[in-house]
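> model the structure of this input:
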Amino acid sequence: MRLLVYPLFWLLWPLASQAEYSHTYLDSYPLRIASVGQLDIAYRIVEENSTKPKAVVIMGLGGSNIAWGDALISGLAAGGYEILLLDNRDTGASTRFDDWGQPTLWWELLKYKLGFSVNAPYTLNDMASDITGLMTVVGYDQAHIIGASMGGMIAQIVAAQHPEKTQSLISIMSTTGAPHLPPPTEEAEQRLRNLAIGEAASDREQAIRDRGFYPESMQRHLMAIFKVGDRSAEVATISAPTLVIHGADDGLVPPEHGEHTASLIKGSAFSLVSGMAHDMPEEVIPLLVQQMTTHMNRVEAGTLATR
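Okay, here's the model as predicted:
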């Protein structure tokens, strides 16, 4: 059971447990479509202004741009940043891969566990290329790259493979995928099992959809993660100023995952946030905004000083 439950759900619930949630602010900015390679990628730009520093935010498993909700994004915008949000491939208004179908999950997970290649329509590397391709389309030479959960993995890949585009990296409740890192706690797995069964299961799925997540895409995103496997060696090459944020109460991706990420990146800072699990609850968002903007402001100040 742990083999099946752990990989599917560790990135499933990054924002859906927020007590308060709104995307009215995000919806006030138009959703646009860009051709990136062979795909259409949907995106929004919040507080667009050519003089402002840029940040790109990348959501996790099955998540579209509205999954971030208003509170965090409006906080970053109030800090003086122009923010690029996107629907990851296979979600929202971006190109979908529904015709590819669903993987035979138990079989693909067994292959992954045994070290064999899994069947996937794309990889995390492809999703990282979506980010850099979109940056080129909208005219971002550089930006602060921010990712949560699976989005943190994608952000790590962008920072490692495209240092010229990465002013800084912020990796939130994410992982390198190293096999020695601890699995979820029994309690966290049991909560997720309970969420997936019972009379209210369909209501819970609708709540996930209402918050910008696409359950039909999650297994394909999961295969994209498995296809690249352990990225520790690549993460260790990241040279951009990095902030790693992790919830002290994260039972799905335990804090050791964030600590490991930070340990690999020279000069990185690690923040363990009390009251935060594998989510961004309303009460911790002001702290997250403060930490993220402080990190980005320091990088901006250093960049200006060297010009």
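
> low-confidence stretches in the stretch 201-307 of the chain?
For the stretch 201-307 of the chain, applying pLDDT under 70 flags the ranges 201-204, 303-307.

> what ranges do the helices span in it?
For the stretch 201-307 of the chain, the helices defined by DSSP state H, counting those that start in this stretch cover 201-210, 215-228, 232-235, 255-264, 285-306.

> just the strands from the stretch 51-200 of the chain, written as ranges.
Along the stretch 51-200 of the chain, the segments classed as strands by DSSP state E, counting those that start in this stretch run 54-58, 82-86, 143-148, 166-172.

> can I get the ones you listed in TSV with mean pLDDT?
TSV is the format used below for these (pLDDT from 0 to 100):
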stretch	mean pLDDT
strand 54-58	98
strand 82-86	98
strand 143-148	98
strand 166-172	98
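
> number of nearby residues for the residue nearest to residue 289 when sequence neighbours are not counted?
Once flanking residues are discounted, residue 289 sits nearest to residue 75: 3.5 Å by C-beta to C-beta, 6 or more residues apart in numbering. In this view, the C-beta of every residue, glycine as well, is placed from N, C-alpha and C. Residues lying near residue 75 (other C-beta atoms under 10 Å) number 17.

> do you know how far the spatially most central residue of the chain is from residue 170?
What sits nearest the mean C-alpha location of the chain, by C-alpha atoms, centre = their mean, is residue 151, with 1.9 Å. According to C-beta to C-beta, to the nearest Å, residue 151 and residue 170 sit 10 Å apart.

> repeat that for residue 219.
Counting by C-beta to C-beta, the separation of residue 219 from residue 170 is 27 Å.

> same check, this time on residue 233
For residue 233 relative to residue 170 (C-beta to C-beta), the value is 21 Å.

> which one's more surrounded, these two?
A direct count of neighbours by other C-beta under 10 Å for residue 233 and residue 170 places residue 170 higher, at 28 against 11.

> for the stretch 51-200 of the chain, which spans come out with low pLDDT?
Within the stretch 51-200 of the chain, the ranges that satisfy pLDDT under 70 run 188-200.

> how about the helices in it?
Using DSSP H, counting those that start in this stretch, helices in the stretch 51-200 of the chain cover 70-78, 105-114, 124-138, 150-161, 186-196.

> out of the ones you listed, which comes closest to residue 174?
Proximity to residue 174 (C-beta to C-beta) singles out helix 150-161 among the helices of the stretch 51-200 of the chain, at 2.6 Å.

> report the angle between that closest one and strand 166-172.
Put simply, helix 150-161 runs at 150 degrees to strand 166-172, going by axes from the mean of the first three to the mean of the last three C-alpha atoms, to 10 degrees.

> what is helix 150-161 packed up against?
Counting contacts by 3 or more C-beta pairs under 8 Å, 6 or more residues apart in numbering; DSSP states H and E, helix 150-161 packs against strand 54-58, helix 124-138, strand 143-148, strand 166-172, helix 215-228, helix 232-235.

> outside of it, which residues touch it?
Residues from elsewhere that reach helix 150-161 (C-beta atoms under 8 Å, 6 or more residues apart in numbering): 11, 14, 57-61, 63, 88, 124-125, 127-128, 131-132, 145-147, 165-166, 169-177, 221, 225, 228, 231, 234-235, 237-238, 240, 242, 261.

> which among those count as buried?
Those of those that meet the buried threshold are 11, 14, 57-61, 63, 88, 124-125, 127-128, 131-132, 145-147, 165-166, 169-177, 221, 225, 228, 231, 234-235, 238, 240, 242, 261, by 16 or more other C-beta atoms under 10 Å.

> residue 215: neighbour count?
For residue 215, the neighbour count with other C-beta under 10 Å is 12.
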